[in-house]
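J.: got a predicted model here, sequence first, then my questions.
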Amino acid sequence: MIRIIALTEQGLLLANKLVNEDLVDGRVWFKPQPFKKQVQEAFLKGERLIFICATGIVVRTLAPVLQSKFRDPPVLVMDEQGEFIIPLLSGHEGGANDWAEALSGKLHSKCVITTAKPYTKPVYTVGMGCERNCPLDYLESLFLDCLSQANLTIDQIDSIHSISIKANEVNLIHLCEKLQKPFITWDALSLRKVEPLLDSRSDYVFSVVGVYGVAESAALYGAQQLKGTTPELMLKKQKNSKATCAIARSFSATR
């Protein structure tokens, strides 16, 4: 969920433009009341936020509910004219920097990144799990929804990963062929190496396949193998009635 929060009539015009011109797949929130309570609750639910207002208002509103750069959802701040976009929270870790740069390109505006320049290039991997004989449309719709939530394109995804018992899952294979992405599977022992990095854990899943979560584990381990650095979840496990999906990334130094 993306909420675009506007506090003035001019800001509302920009918010509606973002939605109506399909620049942001989100919902406009005009002067939500009670403001602090509504915004804080949305933030704690993990909703991505775009504020069209003064940065100070955002800082004072969200300061009491900040947790960590690894858990807070990304937050952008824009001026009423849409000339500047600031990734205020979760710049590197939550993807706010990438999100702000992508949106600034669509608006032809200036992206003001204040975090330290990392000199790194991210690689993105998708992890997927599913019921046996899961229909293709369940897999594809979930995959595309996760890309949208993470503000990524298919071209930015390096590969799709799963657990080895899914190596012959017909529609996972078909999905990867359709998307022209490598499909790579890993055994449970390997996937358990990234267990400390998981956002969610299921004892039931562990009892069945030997890991606490297929999608997150596969995405994280795949990213680690590609770059050899500590991976991180960019999008925690999402699910529908038949499949799960998560997105991870790792970085490689560039010169």
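T.: Good, I have the coordinates. Numbers count the residues shown, from 1 in each chain.
J.: domains for the chain, by residue range?
T.: For the chain, automatic domain parsing gives the domain ranges 2-111, 120-253.
J.: could I get those as JSON lines with mean pLDDT and mean neighbour count?
T.: The way it works is simple: take the backbone N, C-alpha and C, and place the C-beta from them, glycine included. What follows is these, written out as JSON lines (pLDDT from 0 to 100; neighbours: other Cβ atoms under 10 Å):
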{"stretch": "domain 2-111", "mean pLDDT": "90", "mean neighbour count": "17"}
{"stretch": "domain 120-253", "mean pLDDT": "93", "mean neighbour count": "19"}
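J.: dig out what Ala248 forms beta bridges with.
T.: For Ala248, the beta-bridge partners under DSSP bridges are Thr125, Leu233.
J.: mind listing what it touches?
T.: Contacts for Ala248 (Cβ atoms under 8 Å, 6 or more residues apart in numbering) come out as 124-125, 127, 216, 219-220, 222-223, 231-234.
J.: and it, how far from Val211?
T.: According to Cβ to Cβ, to the nearest Å, Ala248 and Val211 sit 14 Å apart.
J.: distance of the residue nearest to the spatial centre of the chain from Ser164?
T.: With distances taken as Cα atoms, centre = their mean, the chain has Ala150 as the residue nearest its mean C-alpha position (3.0 Å). According to Cβ to Cβ, Ala150 and Ser164 sit 25 Å apart.
J.: for Leu7, same thing?
T.: From Leu7 to Ser164 the distance is 52 Å (Cβ to Cβ).
J.: likewise for Pro231?
T.: 19 Å.
J.: and the strands in the stretch 151-255 of the chain?
T.: Secondary structure of the stretch 151-255 of the chain (DSSP state E, counting those that start in this stretch): strands at 157-163, 183-186, 232-239, 243-253.
J.: out of those, which is closest to Val170?
T.: The closest of these to Val170 is strand 183-186. By Cβ to Cβ, the value is 11.4 Å.
J.: list the strands paired with the closest one, with their directions.
T.: If you go by DSSP bridges, strand 183-186 pairs up with strand 157-163 (parallel).
J.: quick one: the strand it pairs with to strand 243-253, angle?
T.: Inter-element angle recorded for strand 157-163 and strand 243-253: 130 degrees (by axes from the mean of the first three to the mean of the last three Cα atoms, to 10 degrees).
J.: pretty sure Arg48 contacts Ile2?
T.: Yes. Under the criterion of Cβ atoms under 8 Å, Arg48 makes contact with Ile2 at 4.7 Å.
J.: common neighbours of the two, please.
T.: Counting by Cβ under 8 Å, 6+ apart, the residues touching both Arg48 and Ile2 are Gly26.
J.: how about Phe35, what does it touch?
T.: Thr61.
J.: try Leu62
T.: Taking Cβ under 8 Å, 6+ apart as the test, what Leu62 contacts is 39-40, 43, 75, 89.
J.: any chance of CSV for the strands of the stretch 151-255 of the chain, columns distance to Ala102?
T.: Listed next are the strands of the stretch 151-255 of the chain as CSV, based on distance: least, Cβ to Cβ, whole Å:
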stretch, distance to Ala102
strand 157-163, 15
strand 183-186, 26
strand 232-239, 14
strand 243-253, 15
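J.: nearest to Asp25 among the contacts of Leu62?
T.: Using Cβ to Cβ, the contacts of Leu62 come closest to Asp25 at Val75, 16.8 Å.
J.: great, nothing more from me.
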